[in-house]
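# Sequence first, predicted model second:
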Amino acid sequence: MNIHKFVMPEVIFGKGSIQQVGESCLRLGATSVLIVSDPGVMEAGWLDMVVRSCQQVGLNYTTFYDVTINPKDKEVEKGCRVYLENGCDAIVGIGGGSSIDVAKAIAILATNGGRIRDYEGIDKIRYPLPPQVMVPTTAGSGSEVSQFSVIVDTKSEKKMTIISRSLIPDIAIIDPETLSTKNTHLTASTGLDVLTHGIEAYVSLAATPLTDVQSKNAISLVAEYLRPSVASKINIEAKTNMAMASLQAGLAFSNAILGAVHAMSHAVGGKYSLLHGDVNSILLPHVMEFNLLANPKKFADIALLLGVDTRGMSYMEAGKKAIDYVKQLAIDIGAPQRLSDIGVEEVELRRMSVVAFHDACMITNPRDVTVEDIEELFRKAW
Ligand SMILES: [Fe+2]
């Protein structure tokens, strides 16, 4: 029998759960927390709610919201200084994947020292991290349950993927109400990232029955609820189901890892300040077409999960329908269609192909790839 491992944090899910942040920090032994966020989340009022929940239980706190999309090593170093200067002993991250990834990276430096680039790759962290409570406000990166942190090395213009068991937060607090302040574009982009997590984890070489349950459910939920979630800010049923999809896709990819879409989009995100989900959704159908040969049965399963009628079709035929569905979904919700439309320059494609080839996410892609394959995929998507 094969050995399967599945790791995850304590999860608190539901409307109003954001009010449990302070209490959750106390349970982890915190006395003074650093709350990491970004300006958008602060403006929407969610940071204030977290601050209040800390005040209510008598916790000291310091806020740090100098975080941008595709967060940079310099932001992590600055945040770590704030953590140490204020004598913090726990970290809360509230926001999209950027805030949560920065919060995790600050946790690494706080107890391990050095520069964040020292930890790129798998299992480089030596000492235990401070307690971490993460509150996602997008659906989403899945970072609140994952063992990943992705940070841009500003020197090499490369996204570094840090993977470690220590990066799994202690507690993830998922409040679907926080999704109600996101604009249409961000809802579409983050939702297509969830779909990419579900699909890449499902066909990953490291997928197991434990991760398949999560990724399959996530794919179905996106098919049913992403369109309504993009259509209405106040559709709480759609928001709740997208929050669940994001959680389950996060659990799947944290344990099964990802594939070529994320390897390639990390290479793009190191150079260009673009929404991660936009880049993924452009690349996803092209990578699915390339990967179909590696596991036709699983791609046929994906078609079924997306609600496609595959009766009478071969696995390859059904798999192709899944790709058509993904393309149409992106069109329906107004996602960008080509890399050239969002500012990626042709001259960068070769260099980014080499970077993507060496990304940690490429290891679990179901089909062998060469730098030339990646460049061809980039050209198709350009
Ligand atoms: Fe992602």
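Structure received. Numbers count the residues shown, from 1 in each chain.

# check contacts around the residue of the chain positioned farthest from its centre.
Going by CA atoms, centre = their mean, the residue of the chain most distant from its centre is residue 312, 35.7 Å out. Counting by CB atoms under 8 Å, 6 or more residues apart in numbering, residue 312 makes contact with nothing. Glycine gets a C-beta too; all of them are placed from N, C-alpha and C.

# and stretch 212-231, C-alpha only, in PDB?
Extracted in PDB, the C-alpha atoms of stretch 212-231 (Å, rounded to 0.1, in the frame of the first residue of the first chain):
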ATOM      1  CA  ASP A 212      -8.600  14.100  -5.000                       C
ATOM      2  CA  VAL A 213     -11.700  14.400  -2.700                       C
ATOM      3  CA  GLN A 214     -10.800  18.000  -2.100                       C
ATOM      4  CA  SER A 215      -9.800  19.000  -5.700                       C
ATOM      5  CA  LYS A 216     -12.900  17.300  -7.200                       C
ATOM      6  CA  ASN A 217     -15.300  19.100  -4.900                       C
ATOM      7  CA  ALA A 218     -13.500  22.400  -5.500                       C
ATOM      8  CA  ILE A 219     -13.800  22.000  -9.300                       C
ATOM      9  CA  SER A 220     -17.600  21.300  -9.100                       C
ATOM     10  CA  LEU A 221     -18.200  24.300  -6.800                       C
ATOM     11  CA  VAL A 222     -16.400  26.700  -9.100                       C
ATOM     12  CA  ALA A 223     -18.400  25.400 -12.100                       C
ATOM     13  CA  GLU A 224     -21.600  26.100 -10.200                       C
ATOM     14  CA  TYR A 225     -20.900  29.300  -8.200                       C
ATOM     15  CA  LEU A 226     -18.200  31.400  -9.900                       C
ATOM     16  CA  ARG A 227     -20.500  33.000 -12.400                       C
ATOM     17  CA  PRO A 228     -23.100  34.000  -9.800                       C
ATOM     18  CA  SER A 229     -20.300  35.200  -7.500                       C
ATOM     19  CA  VAL A 230     -18.900  37.500 -10.200                       C
ATOM     20  CA  ALA A 231     -22.400  38.700 -11.000                       C
END
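
# contacting residues around it?
Contacts to stretch 212-231, defined as CB under 8 Å, 6+ apart, come from residues 139, 179, 184, 187-188, 191-192, 194-195, 197-199, 201-202, 207, 235, 237-239, 241-242, 244-246, 248-249, 251-253, 256, 301-302, 305-307, 325, 329, 332-334.

# Can you list the buried residues in that stretch?
By neighbour count on 16 or more other CB atoms under 10 Å, the buried set for stretch 212-231 is 212, 214-226, 229-230.

# what's the most distant pair in these?
The most widely separated members of the buried residues of stretch 212-231, counting by CB to CB, are 212 and 230 (26.9 Å).

# Leaving out the residues flanking it, which one is nearest to the residue nearest in space to the middle of the chain?
In the chain, the centroid-proximal residue (CA atoms, centre = their mean) is residue 141; its distance is 2.5 Å. Sequence neighbours aside, residue 97 is the residue nearest to residue 141 in space, at 2.7 Å (criterion: CB to CB, 6 or more residues apart in numbering).

# pretty sure that neighbour contacts residue 137?
No: between residue 97 and residue 137 there is no contact under CB atoms under 8 Å: 10.2 Å.

# Beyond the helix or strand harbouring residue 280, next helix or strand please.
Assigned by DSSP states H and E, residue 280 falls within helix 276-291. Remark: after helix 276-291, the chain's next helix or strand is helix 296-305, criterion DSSP H and E.

# returning to that earlier point: wait, what's in contact with the residue nearest to residue 141?
Shown in contact with residue 97 (CB under 8 Å, 6+ apart): 136, 138, 140, 141, 142, 143, 150, 276.

# Kindly tell me how buried the last one is, as a neighbour count.
Which is residue 276. Residues near residue 276, counting by other CB atoms under 10 Å, number 25.

# What segments of this structure are strands?
With DSSP state E as the definition, the chain shows strands at residue ranges 10-13, 32-36, 60-64, 90-95, 121-122, 132-136, 148-153, 158-163, 171-174.

# Domain-wise, how is this structure divided?
10-178, 183-381 (automatic domain parsing).

# Can you say which of those domains is nearest to residue 4?
Per CB to CB, nearest to residue 4 of the domains of the chain: domain 183-381, 4.3 Å.

# Between the two ends of the closest one, how far is it?
From its first residue to its last, domain 183-381 covers 25 Å (CA to CA, to the nearest Å).

# do stretch 137-149 as well
17 Å.

# for the record, mean pLDDT for that stretch?
In this model, stretch 137-149 has a mean pLDDT of 92.

# Now for residue 29, how many residues are close by?
Residue 29, neighbours per other CB under 10 Å, totals 10.
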